[in-house]
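A.B. asks: structure, please.
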Amino acid sequence: MTIKKNLLLISCLLFSSSVFAYQIAIEKDSSLPILKLSLAFPGGSQLDHPDTQGLHGLTLHSLLRGTRSLSRSELDERLDQLGAKITIDIKTEVTTLDVIVLSKNLNPLLDLVHSLIFEPRFDPTEIELIRADALAALQEQKNSDAALAKVFFDRIFFGSHPYGRQNLGTTSSLKKITREQFIRWHQQWTLHHLNPFILATGDI
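C.D. replies: Okay, the predicted model is just below:
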């Protein structure tokens with residue numbers, strides 16, 4: 001495929017909704033038939049309300065647990081068929097969705113990413129599993145002197161500012177978040193925060 005054609009395919013993901021404003025950077029390397037896409041969305045855990053700390057992270061990680069038409073196991077199987085892997089990382093100021101895929105499967109992969117972003121399943125069982133993972137990660141922090149030091153430093157230095165919070169949220173906030181709040185936050189996020197910077201590298 002030509003660079004021009006692949007750029008058009010990537011853009012189709014964005015043009016599917018008028019809310020997108022975006023920039024694309026390309027670094028071509030055809031030594032392997034692999035393509036990597038990184039979509040960096042401004043706004044991470046700082047978007048959380050103090051009463052629902054962790055909601056943004058839980059909601060975005062839920063995107064990888066199934067779509068309206070695919071269960072989690074079916075989604076995982078589809079990714080395997082495409083030779084693809086998708087990960088999501090939540091920082092304070094940015095949310096990153098990273099994709100690695102066989103370059104020949106770019107088009108169906110983009111269709112799948114679109115479904116992940118706009119048609120998440122929010123399966124109640126998967127939500128509880130994601131919540132349990134986040135609570136376990138918080139518990140692990142308590143066993144790390146370095147992690148605890150950072151938590152207390154941020155809290156003292158930044159106070160009530162979003163920088164003073166943990167990206168994961170708190171034990172009490174995570175336990176209170178409901179599926180309905182997942183759905184409402186996803187609706188707000190897709191309406192107001194989908195203006196990514198896209199980096200495409202590899203066989204494009």
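A.B. asks: now the spatially most central residue of the chain, what's its secondary structure?
C.D. replies: For the chain, the residue nearest the mean C-alpha position is residue 88 (3.7 Å; C-alpha atoms, centre = their mean). Put simply, residue 88 is strand when judged by DSSP: H, G, I helix; E, B strand; the rest coil.
A.B. asks: what packs against the top helix by length along the chain?
C.D. replies: Among the segments of the chain that qualify as a helix by DSSP state H, the longest is helix 124-141. Packing partners of helix 124-141 (3 or more C-beta pairs under 8 Å, 6 or more residues apart in numbering; DSSP states H and E): helix 55-62, helix 145-158, helix 171-176, helix 179-192. Yep, even glycine has a C-beta here, placed from its N, CA and C like the rest.
A.B. asks: picking up where we left off before, how much space between the residue nearest to the centre of the chain and residue 57?
C.D. replies: Residue 88 sits 9 Å away from residue 57, taking C-beta to C-beta, to the nearest Å as the criterion.
A.B. asks: try residue 187
C.D. replies: In terms of C-beta to C-beta, residue 187 sits 17 Å off from residue 57.
A.B. asks: which of those two has more residues huddled nearby?
C.D. replies: residue 57 (26 against 10; other C-beta atoms under 10 Å).
A.B. asks: so who does the more buried one touch?
C.D. replies: Shown in contact with residue 57 (C-beta atoms under 8 Å, 6 or more residues apart in numbering): 44, 45, 90, 134, 167, 168, 169.
A.B. asks: contact partners for residue 82?
C.D. replies: Contact analysis of residue 82 by C-beta under 8 Å, 6+ apart lists 101, 102, 105, 108, 109, 112.
A.B. asks: do residue 25 as well
C.D. replies: By C-beta under 8 Å, 6+ apart, the contact list for residue 25 reads 197, 198, 199, 200.
A.B. asks: could you turn the buried ones of those residues into a PyMOL selection?
C.D. replies: A single PyMOL command selects the buried members of the contacts of residue 25 (16 or more other C-beta atoms under 10 Å):
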select buried, resi 198+199+200
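A.B. asks: can you redo the contacts of residue 82 as a markdown table with neighbour count?
C.D. replies: A markdown table is the format used below for the contacts of residue 82 (neighbours: other C-beta atoms under 10 Å):
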| residue | neighbour count |
| --- | --- |
| 101 | 25 |
| 102 | 16 |
| 105 | 17 |
| 108 | 14 |
| 109 | 25 |
| 112 | 21 |
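A.B. asks: in three-state terms, label residue 160 for me.
C.D. replies: Per three-state DSSP, residue 160 ends up coil.
A.B. asks: show the contacting residues for it.
C.D. replies: Contacts of residue 160 (C-beta under 8 Å, 6+ apart): residue 50.
A.B. asks: and residue 143, helix, strand or coil?
C.D. replies: Assignment for residue 143 (three-state DSSP): coil.
A.B. asks: ok, it to residue 137 distance?
C.D. replies: 11 Å.
A.B. asks: try residue 156
C.D. replies: Look at residue 156 and residue 137: by C-beta to C-beta, they are 22 Å apart.
A.B. asks: then residue 165?
C.D. replies: The separation that residue 165 has from residue 137, given C-beta to C-beta, amounts to 15 Å.
A.B. asks: with neighbour numbers in mind, choose between those two.
C.D. replies: Between residue 165 and residue 137, counting by other C-beta under 10 Å, residue 165 is the more crowded of the two (22 against 16).
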